[in-house]
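Participant: fold the stuff below for me.
(chains A and B)
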Amino acid sequence: MRSTPPPAVAERGPLAAAAEAFRLGAAQTLAGWPVLIGRCLFYVLLMVVLSGLWDKVAAERVADLARQAPVGSFVLYVGATEWITLSIPALHLKFEDDIRGGALDVHLLRPKPYLLQTISQCCGWAFVRMLALGATGLALLTVSGRAWPSPESLAFMGVLGALGAVTGVLLYALAGLGAFWARRVLPFQLIVQKLMFVLGGLFAPITLYPPVLRRVGEASPFAAHLYWAGVQAIRPSLSLFLTGLAWQALWLILLSLGCVGLWRAGVAKVLREGIG
Amino acid sequence: MSSAVSVQQLTKRYSFSRPGKGLAGAFAPERVTIEAVSDISFEIAAGERVAIIGPNGAGKSTTLKMLCGILEPTAGEARVLGLVPWRERKALAYRIGVVFGQRSQLWGELPARESFALLRRVYDQDAAVFARRLGELSERFGLGELMDQPVHRLSLGQRMRCEITASLLHGPSLLFLDEPTIGLDVTAKAAIRDFIREHARDHQETVLLTSHDTRDIELVCDRVIVVDEGRIVVDQPTDQLRRTFLARKLIILRSQAPSLTIEMAGVAARPSEPHTTVLEVDTRAARIDQVIAKALALGGIDDITIEDPPMEEVVHEIYAAARRR
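Facilitator: Numbering: from 1, shown residues only, chains lettered A, B, ... in the order given. Predicted structure coming up:
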């Protein structure tokens, strides 16, 4: 048999396609603007409830909180963590759908890596949501007569929040890649969510924890996802920013390696056994 | 003519665990192995249009997946465009186009144009070449404004035109089509078949198609490979297959009378419900229009349907014939 000549196409790296997937993800979120507005309203509702709670806690000086941070800063903390949480798309469900529903076949037939493409697309979704929710949060602060975070705090929160969102996307990606072995990824999702509450400091900063628990929490990927961005609302500082950045960089690398490892093992399984 | 696809003794077995009987069985599952594709060999020349047909579970899709590179065989060898598909999947991806009739490669909530733009990046296509190809396909397929509507708002036929366009935008020389007309109405099916046949002819593309619809095979393919229980039972030109096995049609007449009797050479009645008459017509001996004219002359006809015999039936017949030989 004679083989046909190689293709004339000049093969490029995966980044241009990943950038296009990111743009597509952003366009998809904008295309679903009513859902985006609904998400912003949900954020408002959450913040009204949680700011009431934290105002009361601070006013009554429960657990000596007021000495740890200025009154109102816990509201900003929760605002930051909810801002990140609500920006994360349900990537684990997309993986579950694609892997269990058979759409993965179509993606495996393409020359660019599905994992990078899908994560880039999710980051595109998250990017638009972060802009919309961020604007909503600042508007809410203005309407409710609260002070905005300082410019320094906003800048630190912006960087750590964006990286925290990517960390969250990777955490959910790990949960979603479980679909190669389990029919449903809900158990993995619940584990990630509960740890996000407990170690990520979703509602309360982990600085309030006893020292040992605090150190465990700070070193976890869940803190890289939420806490390090949120804590800038309470104590904005360059050293905390750099510490948070270092933890995030570490976890972004480890989680990426984890995703690639699971992906390769999962694809090897699919190539061997088929989907299902 | 060089081979586009070469398959040698390809075999795929799946193994899975099945719980044993009783309480003890739950702790000692039984290992079951199924042979989905069994020792098949064939060659497809460049530019040839070939159909793989067979009943559900015959091994068609498994074969197609192995040739696309998304399933590893248990044994045997295959080369597609000179590449081993499951080892050189990425290199092969640039050179093949794939359409799964029951799966979409487009993004549902976005216009097809956006999906096409992403596919340009995915396949590293030059912008000018891509624009020219898209223009040609859009004109040939009448996509026009369809490309700017969200894909989920398109009809199944419109979506399938976009799916096939998406699979051709990178200029593949081999097209894999898995049930490309499934669920489509008669007009949409005809448009898809015409397009595939003409595009493949004009661009010297090789086509490998699976379908349950015998018209797909008759109108698109030059050759048919029939598989059953993972084995090739017939591999012959479509003309020959048509003469021997596809020369039958079913005419279903719904009538006010409980039954109708039509006496013609080449026409046989099949058992059916009251007020329904099913006629099996050998088109080599009787013309369809003459049979219908005779039925209409009897009067009291409420509805007439013309169908191919079910593929399972055709394949069963082919398989029986193969065993008799």
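Participant: alpha carbons only for contacts and neighbour counts from here, please
Facilitator: Noted.
Participant: and the nearest residue to A:Ser220 once chain neighbours are set aside, how many neighbours?
Facilitator: Distances taken as CA to CA, 6 or more residues apart in numbering or on different chains put A:Leu199 closest to A:Ser220, at 6.9 Å, once the chain neighbours are dropped. A:Leu199 is flanked by 27 other residues according to other CA atoms under 10 Å in any protein chain shown.
Participant: B:Thr11 too?
Facilitator: For B:Thr11, using other CA under 10 Å, the count is 23.
Participant: and what of A:Met47?
Facilitator: 21.
Participant: quick check, B:Ala51 in a strand?
Facilitator: Yes - judged by DSSP: H, G, I helix; E, B strand; the rest coil, B:Ala51 forms part of a strand.
Participant: quick one: the residue nearest to A:Ser220 and A:Arg215 touch, right?
Facilitator: No - in this structure, A:Leu199 is not within contact of A:Arg215 by CA atoms under 8 Å, at 9.8 Å.
Participant: what packs against the host helix or strand of A:Gly134?
Facilitator: Remark: A:Gly134 resides in helix A:114-143, with elements defined by DSSP states H and E. Helices and strands touching helix A:114-143, by 3 or more CA pairs under 8 Å, 6 or more residues apart in numbering or on different chains; DSSP states H and E, are helix A:15-31, helix A:33-59, helix A:73-87, helix A:151-177.
Participant: same list (these) but as JSON lines, adding mean pLDDT and distance to chain B.
Facilitator: JSON lines is the format used below for the helices and strands packed on helix A:114-143 (pLDDT from 0 to 100; distance: least, CA to the nearest CA, whole Å):
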{"stretch": "helix A:15-31", "mean pLDDT": "85", "distance to chain B": "5"}
{"stretch": "helix A:33-59", "mean pLDDT": "77", "distance to chain B": "12"}
{"stretch": "helix A:73-87", "mean pLDDT": "91", "distance to chain B": "19"}
{"stretch": "helix A:151-177", "mean pLDDT": "96", "distance to chain B": "18"}
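Participant: quickly compare those and say which is most buried.
Facilitator: Most buried of these by mean neighbour count (mean count of other CA atoms under 10 Å in any protein chain shown) is helix A:73-87; its value is a mean of 25.
Participant: only C-alpha atoms, please: export that one in PDB.
Facilitator: C-alpha atoms of helix A:73-87 as PDB (Å, rounded to 0.1, in the frame of the first residue of the first chain):
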ATOM      1  CA  SER A  73     -14.500  44.200  55.700                       C
ATOM      2  CA  PHE A  74     -16.100  40.800  56.300                       C
ATOM      3  CA  VAL A  75     -18.900  41.800  54.000                       C
ATOM      4  CA  LEU A  76     -16.300  42.600  51.400                       C
ATOM      5  CA  TYR A  77     -14.600  39.200  52.100                       C
ATOM      6  CA  VAL A  78     -17.800  37.300  51.400                       C
ATOM      7  CA  GLY A  79     -18.500  39.500  48.400                       C
ATOM      8  CA  ALA A  80     -15.100  38.500  47.000                       C
ATOM      9  CA  THR A  81     -15.500  34.800  47.600                       C
ATOM     10  CA  GLU A  82     -19.100  34.700  46.300                       C
ATOM     11  CA  TRP A  83     -17.900  36.700  43.300                       C
ATOM     12  CA  ILE A  84     -15.400  34.000  42.400                       C
ATOM     13  CA  THR A  85     -17.800  31.100  43.300                       C
ATOM     14  CA  LEU A  86     -20.600  32.400  41.200                       C
ATOM     15  CA  SER A  87     -18.300  33.000  38.200                       C
END
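Participant: and the next element down the chain from that helix?
Facilitator: Sequence-wise, the next helix or strand beyond helix A:73-87 is helix A:91-101, with elements assigned using DSSP H and E.
Participant: may I see the buried residues of that next one?
Facilitator: A:91-100 (16 or more other CA atoms under 10 Å in any protein chain shown).
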